[in-house]
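In: Give me coordinates for this.
(chains A and B)
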2 protein chains.
Amino acid sequence: MKVKIDGVEKNFRSVWFEDGKLFLIDQTKLPHKFEIFVSDDYRKTAEAIKNMIVRGAPAIGAVGAYGMVQVVKNAEENADNLNEFLDLVRKGSEVLKNTRPTAVNLFHAIDEVLQSVIDHNEVNGSYEIALEVANKIVETTVNSAYRIGVFGEKLIKNGYGISTHCNAGWLACVDWGTALAPIYLAHRNGKNIHVYPDETRPRNQGFLTAWELEQEGVPYTLVIDNDTQHFEDGSVDIVIVGADRIARNGDVANKIGTRQRAIVAKEYGIPFYVAAPLETFDLNAKSGKDIAIEERSVDEILYSRGLNREGSIVSVLSGFEKCKTRNLAFDVTPAKYIEGIITEKGIVNPDEKEILSLFE
Amino acid sequence: MKVKIDGVEKNFRSVWFEDGKLFLIDQTKLPHKFEIFVSDDYRKTAEAIKNMIVRGAPAIGAVGAYGMVQVVKNAEENADNLNEFLDLVRKGSEVLKNTRPTAVNLFHAIDEVLQSVIDHNEVNGSYEIALEVANKIVETTVNSAYRIGVFGEKLIKNGYGISTHCNAGWLACVDWGTALAPIYLAHRNGKNIHVYPDETRPRNQGFLTAWELEQEGVPYTLVIDNDTQHFEDGSVDIVIVGADRIARNGDVANKIGTRQRAIVAKEYGIPFYVAAPLETFDLNAKSGKDIAIEERSVDEILYSRGLNREGSIVSVLSGFEKCKTRNLAFDVTPAKYIEGIITEKGIVNPDEKEILSLFE
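Out: All right, here's what the predicted structure looks like:
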């Protein structure tokens, strides 16, 4: 998607891979600075996932896939035989998995590359196969995002106000986005729309969404998570959010605060949609109860990040050190609040039968 | 209430007046620094209201009352006759009123002192009368807060989890608090309770509530405004919040985010109570539609305040300068979500008949 740098528009993806190196738009620097993070080693790539340099389930999946390519390269360089090689590849995959627990795309992508290498069963040629599989995963992610946009766009009528939570745009999805893909297509199709991204404390991904919309010229008003005025006064016609993991009964794990918005949407009679590719579904999870919810450092709540007067990104203590708090990164929105799930294969109801039909 | 300074406990009120000087615990410095703000001039006092050095409807009312005492003193010093004096007093009252529009206690307190001076109709003795009326208003505020605590405490059973929003503690109410008064009394009566204060973006008054609870030794977990886990998992048995203005039909204007919590509480079947003294009621407002909602600078959203590494309180840019946003300070919670209103005269249903009976 478009980024304006010094007044000049350039096209970017949020994740790409060249000559063994992984390139990421650094999401910890945005919206302050547009910087590219480069990793030439899978351990550095794992750290980038953990430290949220990349965020968003589909983008994390892409980084996991390319991280596996780096794992294979490292194993080739350090193993004396096939057994050692496969052992190193498996160990490397664990390093990449032990980064963030909730986004299931990460595990799906890592396992797919891992399996291709195991099936190949030969050191020679493994790197090429891993790269081919990773590239295919990422292209599927981008194509799925676009298809989600095509299906979701039909829900957005001219004049609509759209609420969204966290960042489910192209930064989070390599390109296009999940929740934002329908919005981008509606805007490009000339529909008159207005987007209300939530700030999304504690990591403020709403500012990433606002930054994306600003680049693309989509009208928006960022609102704090406490604000329901746009629901109350009729400004919002539809809510669309992304997902980190979807259980087979249609329960959706997504950034904390999603459930609250779904409850408020229901109260105001506003349809609440989830946009996600098939790779976000976890058919092993019967319901939301089977989804692990990541608990992160309370420093993310007690400290605020931002630019100081000198233009450096710094943290300041907004709370106080002794303050007792907790930092749940996600919550589960029960299927009953969800009007539909927008996938690359169409829009389904959040129930087991319809979800399973996507995988037939 | 108690404040621990260098390990030593001292008793404080958040607002007091001595020798023509107004003393305030500076709420823009907390929870980082415990500092006393002193004003010897009504214009400085008005700025303190506007800049939120004092926050919370009852405390703002107290500051308005003492600000009027300073207005009278200034008028005595500058007027040559009664007409000039009364003119200056009226003008000064307008300066104090043109600070924040939503908390009705401010207008009630200012008008009560103003009327006492007008009724006295003599320059000589006006200062003493104004001071006497202001002191009476503040003592009534403190007594009402305590009475609210006594009535509200009965709602809190042993083992209860209590959710609250913003700061409705003793900082906001001179002493005791409104929503926190029942909590303090329950704790002092030996009940085993756990409080969940919301962070309350954008001004983070939740950290003031956490700081108060920390001083008093009440168990608590601060949660971000997006967090509903404590509702979902059964930790919360009751919600108690304060109010900035209550209409005669029981609609309640309070810090933005209150309505969202009320909707969530209803969804989970958890009773939602509002605690406020009679001075917070505005019988001229038929419903929430008649209550002016203050819109504040968007800088409060785009910038975050906190301690830097050198120990200074600074602001950093968490968003980006061009970001389109809005900063509504309050919202209206419709009466239908409210189980009861805890006042110094007892707990009433949020309907016109019961509310009017409080004033008979």
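
In: residues near A:Asn51, how many?
Out: 14 (other C-beta atoms under 10 Å in any protein chain shown). Quick note: C-beta positions are derived from backbone N, CA and C, even for glycine.

In: for the one 10 residues further on, same thing?
Out: Around A:Gly61 there are 30 other residues, counting by other C-beta under 10 Å.

In: just the helices in the stretch 51-200 of chain A please.
Out: A:57-78, A:82-97, A:104-120, A:126-153, A:170-173, A:180-188 (DSSP state H, counting those that start in this stretch).

In: most neighbours per residue, which of the ones you listed?
Out: Burial of those is given as mean neighbour count (mean count of other C-beta atoms under 10 Å in any protein chain shown); helix A:170-173 ranks first at a mean of 30.

In: Establish whether that helix and chain B are in contact.
Out: No: Helix A:170-173 is not in contact with chain B by C-beta under 8 Å from any C-beta of the partner chain; minimum separation 14.2 Å.

In: which phi and psi does A:Lys353 have?
Out: phi -60, psi -50 (degrees, to the nearest 10).

In: coming back round to it: turn the helices of the stretch 51-200 of chain A into a markdown table, columns for mean pLDDT.
Out: As requested, the helices of the stretch 51-200 of chain A are exported to a markdown table (pLDDT from 0 to 100):
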| stretch | mean pLDDT |
| --- | --- |
| helix A:57-78 | 97 |
| helix A:82-97 | 98 |
| helix A:104-120 | 97 |
| helix A:126-153 | 98 |
| helix A:170-173 | 96 |
| helix A:180-188 | 98 |
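
In: so can I have CSV of those showing distance to B:Asn192?
Out: Shown next, in CSV, are the helices of the stretch 51-200 of chain A (distance: least, C-beta to C-beta, whole Å):
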stretch, distance to B:Asn192
helix A:57-78, 40
helix A:82-97, 41
helix A:104-120, 39
helix A:126-153, 49
helix A:170-173, 43
helix A:180-188, 46
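
In: Pull the number of nearby residues for A:Pro334.
Out: Quick note: A:Pro334 (other C-beta under 10 Å) scores 18 neighbours.

In: A:Gly319 versus the residue of the stretch 101-250 of chain A found nearest chain B, what's the distance?
Out: Minimum separation of the stretch 101-250 of chain A from chain B (C-beta to the nearest C-beta) falls at A:Asn226, amounting to 2.9 Å. In this view, A:Asn226 and A:Gly319 are 17 Å apart by C-beta to C-beta, to the nearest Å.

In: Now do the contacts for the nearest residue to A:Leu88 once chain neighbours are set aside.
Out: Leaving aside its sequence neighbours, A:Leu88 sits nearest to A:Ala75 (C-beta to C-beta, 6 or more residues apart in numbering or on different chains; 3.7 Å). A:Ala75 makes contact with A:84-86, A:88-89, A:92, A:126 under the criterion C-beta atoms under 8 Å, 6 or more residues apart in numbering or on different chains.

In: Which of those residues sits closest to A:Asp290?
Out: A:Asp290 lies nearest to A:Gly92 out of the contacts of A:Ala75, by C-beta to C-beta, at 26.8 Å.

In: wait, doesn't the closest one sit right on A:Tyr42?
Out: Yes: contact criterion C-beta atoms under 8 Å: A:Gly92 and A:Tyr42 qualify, at 5.5 Å.

In: Name the residues contacting each of these two.
Out: With C-beta under 8 Å, 6+ apart, A:Gly92 and A:Tyr42 have common neighbours A:68, A:70-71, A:74.

In: May I see those residues organised as TSV, with distance to chain B added?
Out: Shown next, in TSV, are the shared contacts of A:Gly92 and A:Tyr42 (distance: C-beta to the nearest C-beta, whole Å):
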residue	distance to chain B
A:Met68	33
A:Gln70	33
A:Val71	35
A:Asn74	37
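
In: Kindly reformat these as CSV and extend each row with distance to A:Ala145.
Out: Below are the shared contacts of A:Gly92 and A:Tyr42 laid out as CSV (distance: C-beta to C-beta, whole Å):
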residue, distance to A:Ala145
A:Met68, 21
A:Gln70, 24
A:Val71, 25
A:Asn74, 30
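
In: now, among the residues you listed, which is nearest to A:Leu307?
Out: A:Gln70 (32.1 Å).

In: Find the nearest non-adjacent residue to the closest one, please.
Out: A:Tyr42 (3.9 Å).

In: show me the contacts for the closest residue to A:Val113 other than its chain neighbours.
Out: Leaving aside its sequence neighbours, A:Val113 sits nearest to A:Met68 (C-beta to C-beta, 6+ apart; 3.8 Å). A:Met68 makes contacts with A:42, A:89, A:92-93, A:96, A:109-110, A:113-114, A:130, A:134, as judged by C-beta under 8 Å, 6+ apart.

In: How about A:Asp198?
Out: A:Asp198 touches A:163-166, A:206, A:222-225, A:227, A:257, A:261, counting by C-beta under 8 Å, 6+ apart.

In: and the stretch 101-250 of chain A, which of its residues are near chain B?
Out: Counting by C-beta under 8 Å from any C-beta, the residues of the stretch 101-250 of chain A near chain B are A:199-202, A:204, A:207, A:210-211, A:214, A:220-229, A:232.

In: which among those residues end up buried?
Out: Listed as buried from those are A:199-202, A:204, A:207, A:210-211, A:214, A:220-229, A:232; burial here means 16 or more other C-beta atoms under 10 Å in any protein chain shown.

In: Okay, and the closest residue to A:Pro350 other than its chain neighbours sits in which element?
Out: Excluding the flanking residues, the one nearest A:Pro350 by C-beta to C-beta, 6+ apart is A:Gly250, at 2.6 Å. Assigned by DSSP states H and E, A:Gly250 falls within no helix or strand.

In: Surely A:Gly250 is in contact with A:Asp351?
Out: Yes: using C-beta under 8 Å, A:Gly250 makes contact with A:Asp351 at a distance of 5.5 Å.

In: Could you tell me which residues touch both of these two?
Out: The contact sets of A:Gly250 and A:Asp351 overlap at A:Ala335 (C-beta under 8 Å, 6+ apart).

In: Those two: who's more crowded?
Out: Comparing A:Gly250 with A:Asp351 by other C-beta under 10 Å, the one with more neighbours is A:Gly250, at 25 against 14.

In: mind listing what A:Glu321 touches?
Out: For A:Glu321, the contact set (C-beta under 8 Å, 6+ apart) comprises A:Leu302.

In: for it, phi and psi?
Out: Residue torsions, per degrees, to the nearest 10, at A:Glu321 are phi -50, psi -40.

In: what does A:Ala210 give?
Out: Per degrees, to the nearest 10, the backbone of A:Ala210 is at phi -60, psi -40.

In: Please apply the same query to A:Tyr273.
Out: Dihedral angles for A:Tyr273 - degrees, to the nearest 10 - are phi -110, psi 150.

In: if you skip the residues just before and after it, what's nearest to it?
Out: Counting by C-beta to C-beta, 6+ apart, the residue nearest A:Tyr273 is A:Ile240, at 4.8 Å.

In: That neighbour contacts A:Pro271, correct?
Out: No: in this structure, A:Ile240 is not within contact of A:Pro271 by C-beta under 8 Å, at 9.2 Å.

In: which one of the two has more residues nearby?
Out: Of the pair A:Ile240 and A:Pro271, A:Ile240 is the one with more neighbours under other C-beta under 10 Å, namely 27 against 14.

In: returning to what we had before: can you list which of the buried ones among the residues of the stretch 101-250 of chain A next to chain B are found in helices?
Out: Taking DSSP state H, the ones among these that sit in helices are A:207, A:210-211, A:214, A:229, A:232.

In: from those, which is closest to A:Ala103?
Out: Closest to A:Ala103, out of all of those and judged by C-beta to C-beta, is A:Phe207, at 20.4 Å.

In: does the closest one really touch B:Phe320, like I thought?
Out: Yes: the pair A:Phe207 / B:Phe320 is scored as a contact, 6.6 Å apart, by C-beta under 8 Å.

In: The residue nearest to A:Tyr273 sits in which helix or strand?
Out: Per DSSP H and E: strand A:238-241 holds A:Ile240.
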